[in-house]
Each structure stands twice: as C-alpha cells, then as structure tokens.
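[1] coords below, sequence missing:
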C-alpha cells in the first residue's frame, strides 16, 4: 500500500478495527446492546459491504478479509459514507470464528464469491467445506442465515452438497429477498463477462438437528 493508505489504516483502525489476537470479541460492546450482527467473510474492496450496511443500519456488519489494500478501501468507505454499523477484521476468518466469536452470537453469515480454486488439486482449499460450515453453524443463533454465492458451477454443486449434509442447516425457502438485496460485486461482474452463471444459496440454522 502507499504511505498515505497505510497512514489512513493506522488512523481509522482504533475506531473500526478488530484485532485477530485470540481474545473474545464482545459484539455488544462493538455494535451496541441487542444489535444483530452479520459476519461477512471476504469483503474484498468493500463495495457490497458498504451498500448493504447503508441499506440496513440497524444491523451490525463484521467484515473480515486477508487483503490489506481491500481493508484500507473499506475503512475509507466507512468514514466517507458515515457508516456506524461496520467493523473490520484483517486476517484468517477461520481464526476469527473459531477463537473470538461466541456460540450463537451471529444473526447471519455472508460468503460472496470466495476463491473458487478451480484446479482439481487445489479444491481442498475451498472455504465452503464441511469442517468450516459446521464451525459457522455453531456461531449462528437458531434461525440465523448463511448466504453463499459463486459463479463457478462445480463450486455451486459442492456448496449444495456440503450445506445439505449439515444437519443443523435447512434451505431457506423464503431466501429470495436476501438474494435480491445482495449488490452485484466486482467478482460477479467479471464472472458474468466470462459467461458464468451465478448461484445464490440461503440456508437457515435449525433449532434442533
């Protein structure tokens, strides 16, 4: 990043950043008492994050990404658009979910256009896999949603298989509104230009398995 971007991150991080330090995150302290919180994994440059946060100001969004320039851009968007309901974590989403978020603390999880790892030898690196989905489910409150999207057909098939096999999840038959509310992302546009078909899947956490 440029020196200016680095300085901006250092300035804004104390207000909006959450450190991945293994310490439990008090979501009520970060967002306010009783505020529902949605975890967004892979926020990229933050365009969709900012749009969805502005459209739903009563919901807190915790955005996590490993891409440092993207974190910088999102922090700048938060300040420039005066968003009060977004917090940002920089690093591995698995570590954040496993080590710092309490069971039943999330209203929802969004995973939009994760890396498809298209080569067969690399597909074990895909994010939407049984162990990670099972972990995410423990952090969702009953009735909480998991919304995933991809423009890779074989990844969509894998997602369906993984999500259908998770006993605590069921397909959300009323998920059309969530799909319609999702902004078009840069990665989505790139896929559409290549003739890819976009798949959105919305599941809900059951009260009992």
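    Arrived safely. Since this is a predicted model, take the numbers as computed values, not measurements.
[2] make it CA atoms for all contacts and neighbour counts henceforth
    Fine.
[3] Please pull out the lowest mean pLDDT helix or strand from this protein.
    helix 186-193 (a mean of 83; mean pLDDT, DSSP states H and E).
[4] burial count for residue 153?
    Using other CA atoms under 10 Å, residue 153 has 14 other residues around it.
[5] I'd assumed residue 200 was in contact with it.
    No. With contact defined as CA atoms under 8 Å, residue 153 and residue 200 do not form a contacting pair (11.1 Å).
[6] quick one: common contacting residues for these two?
    Here residue 153 and residue 200 have no joint contacts, going by CA atoms under 8 Å, 6 or more residues apart in numbering.
[7] buried stuff in stretch 182-200?
    Using 16 or more other CA atoms under 10 Å as the test for burial, stretch 182-200 gives 182, 185, 187-188, 191, 198-200.
[8] List the contacts of the helix or strand hosting residue 145.
    Assigned by DSSP states H and E, residue 145 belongs to strand 140-150. Here strand 140-150 makes contact (CA under 8 Å, 6+ apart) with 103-114, 116, 156, 178, 188, 198-207.
[9] now the strands: where do they sit in this protein?
    All strands of the chain, identified by DSSP state E, fall at 17-18, 37-41, 60-65, 86-90, 106-112, 140-150, 169-171, 199-205.
[10] Relative to the third one, what are the paired strands and their orientations?
    What that stands for is strand 60-65. Here strand 60-65 is paired, per DSSP bridges, with strand 37-41 (parallel), strand 86-90 (parallel).
[11] Then the fifth one?
    Looking at strand 106-112 with DSSP bridges, its paired strands and their directions are strand 37-41 (parallel), strand 140-150 (parallel).
[12] Including distance to residue 61, could those strands go into CSV?
    Converted to CSV, the strands paired with strand 106-112 look like this (distance: least, CA to CA, whole Å):
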stretch, distance to residue 61
strand 37-41, 5
strand 140-150, 14
